[in-house]
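Engineer: Here is a sequence together with a model predicted from it:
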Amino acid sequence: MIAGGNAVAGRAGADFTTVNPARPQEIIGRYIAADAEAIAQAVATARTAQRVWAALPDLERGRRVRHFLDAVAARADEIARAVTLEQGKPLGESRNELAKAIEEARFMAGEAARPHSGLIPSARAGVRNFVTRRPRGVIAAITPWNFPTLTPMRKIAPALTFGNAIVLKPSEYTPAAAVLMAAAARDVLPEGLFQVLLGGAEAGAALAGQAGVAGVTFTGSVETGRKIYALAAANLAEISLELGGKNAAIVNDAADIDPCLDQIAAAAFLCGGQRCTAISRVLVREGLRDAVTAGLVARAERAILGDGLDARTTMGPLTNANQLARVERMVRRGVSEGAHVATGGACAHVPGLDGGYFYRPTVLTGVEPEMSVAREEIFGPVISVIAYDTFDRAIAILNGVEYGLTSALFSNDNRLIQRFIDESENGMLHINHGTAPDENMPFGGIKNSGVGAYSVGSSAVTFYTTEHSVYLKS
Ligand code: NAD
C-alpha cells in the first residue's frame, strides 16, 4: 500500500496474493488490503496535499505531471512485465498499453496550458461575464484488471493536471502496475497527492463512499457501477462511470474484405477479448456472411496461445478463473440456444502450462439477436456473427442491446455512413476501421455503458474541475 507517498507495511487489513494466470500455481504479488481507517486517513492526507498542489500555477502543474510521466516511462520494462505476470497479456501488448497510457497522459498534461472557457456576452453595461474552473478536490478512482496501466493513468493524469489529489484502488487481480507507478511518483510528486490503496470490493466500496471525496471515477462492470453510483450519491460526489459494452461492427460492403477482417479480429481478440471496446458482434450483410465467417475463423485459428512472456505468444490466458468459467458458461448457453461453433468454443490446453486460464479464440455463427451471446457482455475471445438483410435491420440489431459504448461500420456508401453517424446508439463511432481510440479523443459510452463526463481528451475537464460563473463589473 502506498499511502502518503510512502509504502506502508504491516497496516491492519487482510493480506492477499495475485497469481500468474498462465500458471496459477505461481504467486506474483503479496499485498496488504486497506481497511476503513486507512482509507479515511488516505483521503484526509490527500486533501491536505491537494490544497498546496491546487495553489500552483496551472502550467507548473502540467510541467510536474510531465516529470511524473518521465519517471513512469523510465520504469516501462518493469511495469510492462508486471502487467503480463498478473494480467496475462503478451509482453508486447503490455508495452503498447503503457506507451498509449503515457501518450494520452502527455496530451492531458498539455490541458493545463489550454483555455477551458471564454468571455460570455453580458446583459448589463460595463460587465464582463466569464466562467472559471477550479480543481474539484480529492478524486477516488476504482479500476478493473484488463488494462492495469491505461485505465488508472486515464484518471491519474487529468486529476493531477487539473489540480486534484487522487486515491486509486486498482483491481485486486492486477495491482502491481499501479503500485509501481505510485513508486515512480515518490520523488517527483508531493507526498499524499497520488496514493494507491489495495483490496477488493470492500476497499472499493469504502473508498467510493468516503466523506471528503469530491468525485468518484470508476471503470468496470455495470453491476459494480450501479453500487458505486449509489455510494457516491450518498455524499453527492460527482460521478464518472465507464462500464461494459456489447460492441458491434457492421460489415455492409467493402471493395477488399481482408483489411476489414484484420481490424475486426484485432479488435475482438486483443487482450483475449477482455476489453470494454472489444468487438463481440459482427453484423454482416447476407451476401458476405460466408466470406466474413471464413476470414474470421482463419484469423482465430492463427492465434498462438501461451505465456505472455514468451515472444511467440499472440494471445495470453484470461485473467482469472472466474472469467474463464464465465466465458465457458456463456458460450455453452449460446450453443444451447442454437448458435454453432465455427471454431474454438472450448478451453485450450497449452503444453507446459497446466491449469492456465486459456480459452480458444471462438467464432459463433447462426447467432440470432435475441440469443444471450448476442446481448450480454462476454469479455472473452468470442465473436458472434449475425446476418442481416436490410440496413434498417442492421441498425435495429446494433442498437438492440442495453450497452452503447463503441461501434464500427465498414461501408463505402455515403448514405449509410451518414445514417450510422446519426443512428448508432454508442458513444464512439468508427467508420471503416476497428474500435481503437486516439489519445486526444473523448472516450466513453451512453446507455448502460457510462454515466458522466467522458475521459481522455478535452471532456475530462468537466469531471475534474468545478465551474464558476463570474460577473465582473468595473
Ligand atoms: P468489476 O466491476 O468487477 O471490478 C472493477 C473494480 O471495482 C475492481 O477494482 C473491484 O475491486 C472493484 N469493486 C468490485 N465490487 C465493488 C463494490 N461493490 N464497490 C466498490 N468497488 C468494487 O469489473 P472487472 O471484472 O474488474 O472488469 C470487467 C468489466 O469492466 C467489464 O464489464 C468491462 O466492460 C468493464 N470495463 C469498462 C471499460 C470502459 O471504459 N467502459 C474499460 C475497461 C473495463
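Structural biologist: Cool, the structure landed. Note that this is a predicted model, so its numbers are computed, not measured. Residues are numbered from 1 along each chain as shown.

Engineer: what does this protein have sitting close to the ligand?
Structural biologist: 142-146, 151, 169, 171-172, 200-201, 204-205, 208, 219-221, 224, 227-228, 242-245, 276, 377, 379, 405, 445, 449 (C-beta under 6 Å from any ligand atom). In this view, the C-beta of every residue, glycine as well, is placed from N, C-alpha and C.

Engineer: In three-state terms, label the residue nearest to the spatial centre of the chain for me.
Structural biologist: For the chain, Thr151 is the residue whose C-alpha lies nearest the centre (C-alpha atoms, centre = their mean; 4.9 Å). Assigned with DSSP: H, G, I helix; E, B strand; the rest coil, Thr151 falls in the helix class.

Engineer: Can you classify the residue of the stretch 251-400 of the chain at minimum distance from the ligand by secondary structure?
Structural biologist: The minimum distance from the stretch 251-400 of the chain to the ligand, using C-beta to the nearest ligand atom, falls at Cys276 (3.0 Å). Classification of Cys276 by three-state DSSP places it in coil.

Engineer: what's the spacing between it and Ala232?
Structural biologist: Per C-beta to C-beta, to the nearest Å, Cys276 is found 20 Å from Ala232.

Engineer: Check Lys447 too.
Structural biologist: 20 Å.

Engineer: circling back to that earlier point, you'd agree the residue nearest to the centre of the chain is up against Thr143?
Structural biologist: Yes - Thr151 lies in contact with Thr143 (C-beta atoms under 8 Å); the separation is 4.5 Å.

Engineer: Mutual contacts of the two, please.
Structural biologist: Here Thr151 and Thr143 have Thr219 as joint contacts, going by C-beta atoms under 8 Å, 6 or more residues apart in numbering.

Engineer: In helices, which of the residues of the chain next to the ligand fall?
Structural biologist: Here DSSP state H is the test, and the residues of the chain next to the ligand give Thr151, Ala201, Gly204, Ala205, Ala208, Thr224, Lys227, Ile228 as lying in helices.

Engineer: before we move on, the earlier item: name the residue in Lys447 and Ala232 with the higher neighbour count.
Structural biologist: Higher neighbour count among Lys447 and Ala232: Ala232, with 25 against 17, using other C-beta atoms under 10 Å.

Engineer: For that one, list the residues it contacts.
Structural biologist: Applying C-beta under 8 Å, 6+ apart, the residues contacting Ala232 are Ala208, Gly209, Val213, Val216, Glu238, Ile239.

Engineer: now do Glu97
Structural biologist: Glu97 touches Ala80, Val83, Lys89, Phe147, Pro148, Thr149, Leu150, counting by C-beta under 8 Å, 6+ apart.

Engineer: Next, work out how far apart it and Thr151 are.
Structural biologist: Here Glu97 is placed at a distance of 9 Å from Thr151 (C-beta to C-beta).

Engineer: tell me the contacts of Val43?
Structural biologist: With contacts defined as C-beta under 8 Å, 6+ apart, Val43 is in contact with Val138, Ala140, Val167, Leu207, Gln210, Ala211, Gly212, Val213.

Engineer: Which helix or which strand is home to it?
Structural biologist: Element membership of Val43, judged by DSSP states H and E, is helix 36-54.

Engineer: what does Leu364 give?
Structural biologist: Assigned by DSSP H and E, Leu364 belongs to strand 362-365.

Engineer: Name every strand pairing with that strand and say which way it goes.
Structural biologist: Applying DSSP bridges, strand 362-365 is found paired with strand 340-343 (antiparallel), strand 382-388 (parallel).

Engineer: quick one: the shortest one to chain centroid distance?
Structural biologist: Same thing as strand 340-343. Put simply, strand 340-343 sits 29 Å off its chain's centre (C-alpha atoms, centre = their mean, to the nearest Å).

Engineer: And for stretch 158-178?
Structural biologist: How far stretch 158-178 lies from its chain's middle: 13 Å, per C-alpha atoms, centre = their mean.

Engineer: For it, measure first residue to last.
Structural biologist: 16 Å (C-alpha to C-alpha, to the nearest Å).

Engineer: Next: stretch 281-290.
Structural biologist: This stretch, stretch 281-290, spans 15 Å end to end (C-alpha to C-alpha).

Engineer: and what of stretch 50-61?
Structural biologist: First-to-last residue span, stretch 50-61, C-alpha to C-alpha: 12 Å.

Engineer: How about stretch 171-182?
Structural biologist: Start to finish, the residues bounding stretch 171-182 are 15 Å apart (C-alpha to C-alpha).

Engineer: Please shift the residue numbers so they start at 4 in all later answers.
Structural biologist: With the count now opening at 4, the last piece we talked about shows up as stretch 174-185.

Engineer: Can you give the contact residues for that stretch?
Structural biologist: Stretch 174-185 is touched from outside by 5, 19, 21, 31-32, 34, 75, 78, 81-82, 85-86, 88-90, 101, 146-148, 151-152, 155-156, 159, 171, 173, 197-199, 201-203, 322-323, with contacts defined as C-beta under 8 Å, 6+ apart.

Engineer: Just give the number of residues close to Ala439.
Structural biologist: For Ala439, the count of nearby residues is 14 (other C-beta under 10 Å).

Engineer: Please give me every residue in contact with the residue nearest to Trp56 when sequence neighbours are not counted.
Structural biologist: Spatially, and ignoring its direct neighbours in sequence, Trp56 is nearest to Leu196 (5.6 Å; C-beta to C-beta, 6 or more residues apart in numbering). Leu196 makes contact with Gly8, Ala49, Ala52, Gln53, Trp56, Leu163, Ala168, Ile169, Ala188, according to C-beta under 8 Å, 6+ apart.

Engineer: Which pair of those residues spans the longest distance?
Structural biologist: The span of the contacts of Leu196, defined through C-beta to C-beta, is set by Gln53 and Ala188 at 14.5 Å.

Engineer: Please list all residues in contact with Arg336.
Structural biologist: Contacts of Arg336 (C-beta under 8 Å, 6+ apart): Ser375, Val376.

Engineer: what about the strands in the stretch 54-203 of the chain?
Structural biologist: 122-123, 130-138, 141-145, 168-172, 197-199 (DSSP state E, counting those that start in this stretch).

Engineer: want to throw those strands into a markdown table with mean neighbour count and mean pLDDT?
Structural biologist: A markdown table is the format used below for the strands of the stretch 54-203 of the chain (neighbours: other C-beta atoms under 10 Å; pLDDT from 0 to 100):
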| stretch | mean neighbour count | mean pLDDT |
| --- | --- | --- |
| strand 122-123 | 11 | 94 |
| strand 130-138 | 15 | 96 |
| strand 141-145 | 29 | 98 |
| strand 168-172 | 28 | 98 |
| strand 197-199 | 29 | 96 |
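
Engineer: among those strands, which is nearest Leu291?
Structural biologist: Shortest distance between Leu291 and these, using C-beta to C-beta, is found for strand 141-145: 41.4 Å.

Engineer: From the chain's centroid, how far away is the closest one?
Structural biologist: Using C-alpha atoms, centre = their mean, the offset of strand 141-145 from its chain centre is 15 Å.

Engineer: Give me the sheet partners of that strand and which way each runs.
Structural biologist: By DSSP bridges, strand 141-145 pairs with strand 168-172 (parallel), strand 218-222 (parallel).

Engineer: Next, the angle from the first one to helix 204-211.
Structural biologist: Using axes from the mean of the first three to the mean of the last three C-alpha atoms, to 10 degrees, the inter-axis angle of strand 168-172 relative to helix 204-211 is 160 degrees.

Engineer: Direction-wise, compare strand 168-172 with helix 39-57 and give the angle.
Structural biologist: 150 degrees.
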